[in-house]
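Generate a structure from the sequence data that follows.
(one chain, ligands or ions: 1)
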Amino acid sequence: MKIFILTDLEGAAGCESFEQTRKGVNPSRKHEVMEQLTREVNACIEGILEVSPKAEIVTWDGHGSGGLLPDKVRGARCLTRENGGRPYYDLEGFSAMLFLGQHAMAGTFQAPLCHTYSSKEIMYYRLNDTFIGEFGCRTLVAGMQGIPVIFISGDDKAIREAQFLIPEIETVITKQGKGIEAAVHIDPEESCRLIRAGAARAVQRIGEFRPFREYSAPYTFEARYYRPFDLAHPKRQDPQLNFLDDRTYQITTNDLADLPF
Ligand SMILES: [Zn+2]
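Now for the predicted structure:
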């Protein structure tokens with residue numbers, strides 16, 4: 001059995017401020033949460049291997065400025081940001097995908113560090129008229145390849161967002177969100193313990209999950225940015241993009257890979 005783990009940094013226990021997640025603002029504080037995320041990933045791997053000792057596990061660091069310490073990951077092959085690309089578009093042969101360290105989409109009430117791909121630039125993504133965050137985008141990409149998403153850990157709002165799409169998903173709440181940079185966290189070791197047990201339960205239940213395919217082509221995708229694009233911006237020149245105003249564009253396509261997620 002092959003398992004794909006997609007990681008982000010914001011949802012790790014103890015992470016609640018942008019200085020912990022952005023490059024170069026406070027490197028030692030960022031390193032601390034990267035250590036915690038790596039411990040949570042190792043706990044997840046242990047949980048998977050407990051149920052399926054021969055599982056082949058691949059992790060991918062989904063955090064833009066790097067969130068995982070690959071040298072400290074035990075029991076999985078790590079795809080780093082340097083490998084480039086979007087490896088979750090290439091899931092042939094995998095049995096399931098798991099999310100670790102996830103945050104909610106931009107604009108979610110009291111959701112710590114919530115954003116949609118770029119915390120500084122993107123106000124929202126919509127797909128076929130509904131708001132969608134990173135979890136939804138990547139779960140759909142996996143689902144269209146026939147791969148179910150079986151587990152998520154992160155803040156309580158990220159978990160609810162996941163449950164809208166996959167009510168039966170196994171979950172671990174690492175913190176209760178209290179604001180954009182505020183949360184009440186569980187103990188870091190408890191977080192690892194819960195993730196290990198939750199990942200094991202998810203793999204035990206793997207046969208109960210179906211791939212998420214609840215959006216269908218043609219896809220109408222809309223992105224709104226916080227600031228306007230000036231006329232010279234390459235996006236304004238792209239004939240595929242239909243600008244509704246100076247900061248919002250739409251694209252209609254039958255191929256998810258045309259979309260920026
Ligand atoms: Zn993210």
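
Residue of the protein closest to the ion, please.
As assessed by Cβ to the ion, the ion sits closest to Asp8 within the chain, at 4.2 Å. No exception for glycine: its C-beta is placed from N, CA and C like everyone else's.

okay, now that residue: neighbour count?
By other Cβ atoms under 10 Å, the residues close to Asp8 number 27.

What of the one 10 residues further on?
As a burial measure, the neighbour count of Phe18 was computed by other Cβ under 10 Å and equals 17.

For it, give me its contacts.
When the contact criterion is Cβ atoms under 8 Å, 6 or more residues apart in numbering, the partners of Phe18 are 25, 113, 119, 181.

hang on, the earlier thing: which residues sit in contact with the residue of the chain closest to the ion?
62-63, 67, 99-103, 134, 154.

what do you get for Thr248?
So Thr248 contacts 222-225 (Cβ under 8 Å, 6+ apart).

Which of the residues you listed are buried, as a PyMOL select command?
In PyMOL, this line selects whichever of the contacts of Thr248 come out buried by 16 or more other Cβ atoms under 10 Å:
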select buried, resi 222+223+224+225
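
list the buried ones in the lengthiest helix in the chain?
Determined from DSSP state H, the single longest helix within the chain is helix 27-51. Neighbour-count burial for helix 27-51, with 16+ other Cβ under 10 Å as criterion, is recorded at 30, 32-34, 36-49, 51.

does the ion sit close to it?
No - against the ion, helix 27-51 shows no contacts by Cβ under 5 Å from the ion, the least distance being 11.9 Å.

Quick check: mean pLDDT of that helix?
Average pLDDT, helix 27-51: 98.

Going by contacts, tell me the helices and strands next to the next helix or strand after that helix.
Note on helix 27-51: by DSSP states H and E, the next helix or strand toward the C-terminus is strand 56-61. Contacts defined by 3 or more Cβ pairs under 8 Å, 6 or more residues apart in numbering; DSSP states H and E place strand 56-61 against strand 2-7, helix 27-51, strand 77-79.

among the ones you listed, which is nearest Thr171?
When those are compared by Cβ to Cβ, helix 27-51 sits nearest Thr171, at 12.7 Å.

Now do that closest one and strand 56-61, the angle between them.
Inter-element angle recorded for helix 27-51 and strand 56-61: 160 degrees (by axes from the mean of the first three to the mean of the last three Cα atoms, to 10 degrees).
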